[in-house]
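Colleague: from the sequence below, what's the structure:
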Amino acid sequence: MPSLNDWTSRWDAFTGKLTTRLEEVQEEALGAFGDVAATAPLDHTPQAALESAVQARHNKLGDKLDTAVETLDNELDELADDTEDDRALARIEALRDRATQQQQELQTAIDRAEQSCKVHGAAVIAKAIEAAFRDEDATQSCVQCGNPFDPGPITQSTAVACPGCGAKLTVGPHPAAMAWYSRGLAAVAEAEAWPMWVAYRAAEERYSDGPSSQRLTAHVQAAEAYHRTVFGVLVERHPAWDKAKAEQQIQGRCEQIRSLHERFQS
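Modeller: Next comes the predicted model:
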């Protein structure tokens, strides 16, 4: 039967391998996102499939972590049952406590890594979308007189008048513009706000561990910093967004956090 030292070594080896595998998965995922960016950036289907695959791989790592902790816990129970030595029992419980703490830390790392892959992978594709958008001819043609004209930046089907014959037309964005405004720019914004997202989630987790007025304030402040960065990019670069509309969204998200706190504390 393996000794406590054996299980300590096995656990340490497992956590080391899991951390290494997380790094490998991220490298492989970003490479796959790069392949999509090079071959089909305007088609959302391969990106969506890749994001699902990234989620599945990280879920699998989480499952392995849970199984490893369960196995260790069972083996430590057997070791504890086989000894009455207080020092040995203390060492067994110390390893159990360390494994429990590391499980929480590793699961957080898995969750962060999954989101990082998705955010930064989408940003890789977004760069290719933006390049296609910059190269795309924005010219539309009047269905009445055939006159070519540039309707300016449009993000969805829009009613315009032909500058040549005055006919009322409905025009929509070309494929690259559609991809850029519908998802590419948002991906750029989320990547730019990544450090704020990490801080936001950390504040949310601290609040969830023990709700308090102080932690609520920190949670709201972190949420506001993240959303303000994201919407700031949209206001600057997306024709459908302005400061007032962005501020409404930011304050709405912060108010939702406060409302949930009040609901569960009442």
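
Colleague: quick check: Gly146 is in a helix.
Modeller: No: counting by DSSP: H, G, I helix; E, B strand; the rest coil, Gly146 is not found in a helix; it is coil.

Colleague: count the neighbours of it for me.
Modeller: Residues near Gly146, counting by other CB atoms under 10 Å, number 10. All C-beta atoms are positioned from the backbone trio N, CA, C, and that covers glycine.

Colleague: phi, psi of it?
Modeller: phi 80, psi 0 (degrees, to the nearest 10).

Colleague: and it, how close does it get to Thr39?
Modeller: When distances are taken as CB to CB, to the nearest Å, Gly146 and Thr39 turn out to be 35 Å apart.

Colleague: go on, His219?
Modeller: 41 Å.

Colleague: neighbour-wise, which of those two wins?
Modeller: His219 (24 against 10).

Colleague: my read: that one touches Gly210, true?
Modeller: No: His219 is not in contact with Gly210 according to CB atoms under 8 Å; the separation is 11.6 Å.

Colleague: are we agreed that Val143 is in a strand?
Modeller: No: per three-state DSSP, Val143 lies outside any strand segment and is coil.

Colleague: next one: the helix or strand containing Ala246 to chain centre, how far?
Modeller: Using DSSP states H and E, Ala246 sits in helix 243-265. Distance of helix 243-265 from the chain centroid (CA atoms, centre = their mean, to the nearest Å) equals 20 Å.

Colleague: cool, stretch 31-46 as well?
Modeller: Worked out by CA atoms, centre = their mean, stretch 31-46 lies 18 Å from the chain centre.

Colleague: and if you look at stretch 252-266?
Modeller: For stretch 252-266, the distance to the chain centre is 23 Å (CA atoms, centre = their mean).

Colleague: number of nearby residues for the nearest residue to Lys168 once chain neighbours are set aside?
Modeller: Nearest residue to Lys168 in three dimensions, chain neighbours excluded: Ala161, at 6.0 Å (CB to CB, 6 or more residues apart in numbering). By other CB under 10 Å, 13 other residues sit near Ala161.

Colleague: again with Val36
Modeller: 21.

Colleague: would it count as being in a helix?
Modeller: Yes: with three-state DSSP as the criterion, Val36 is part of a helix.

Colleague: where are the low-confidence patches of the stretch 51-200 of the chain?
Modeller: Residue ranges of the stretch 51-200 of the chain with pLDDT under 70: none are present.

Colleague: so where do the strands sit in it?
Modeller: 140-141, 148-149, 158-161, 168-171 (DSSP state E, counting those that start in this stretch).

Colleague: name the nearest residue to Pro41, sequence neighbours excluded.
Modeller: Pro41 sits nearest to Ala128 (CB to CB, 6+ apart), 3.7 Å away.

Colleague: thinking the one you found is in contact with Thr39, fair?
Modeller: No: Ala128 is beyond contact range of Thr39, at 9.3 Å (criterion: CB under 8 Å).

Colleague: separation between Ala138 and Pro175?
Modeller: Taking CB to CB, one finds Ala138 at 12 Å from Pro175.

Colleague: for Val143, give me its contacts.
Modeller: Counting by CB atoms under 8 Å, 6 or more residues apart in numbering, Val143 makes contact with Ala167, Leu169.

Colleague: now it, what are its backbone angles?
Modeller: According to degrees, to the nearest 10, Val143 has phi -70, psi -10.

Colleague: same question, Asp137
Modeller: Torsion angles, degrees, to the nearest 10, at Asp137: phi -80, psi 120.

Colleague: kindly report the same for Ala240.
Modeller: phi -90, psi 0.

Colleague: burial check on it, number of neighbours?
Modeller: 12.

Colleague: need the pLDDT of it.
Modeller: pLDDT for Ala240: 93.

Colleague: wait, it sits on Thr155?
Modeller: Yes: applying CB under 8 Å, one finds Ala240 in contact with Thr155, separated by 5.0 Å.
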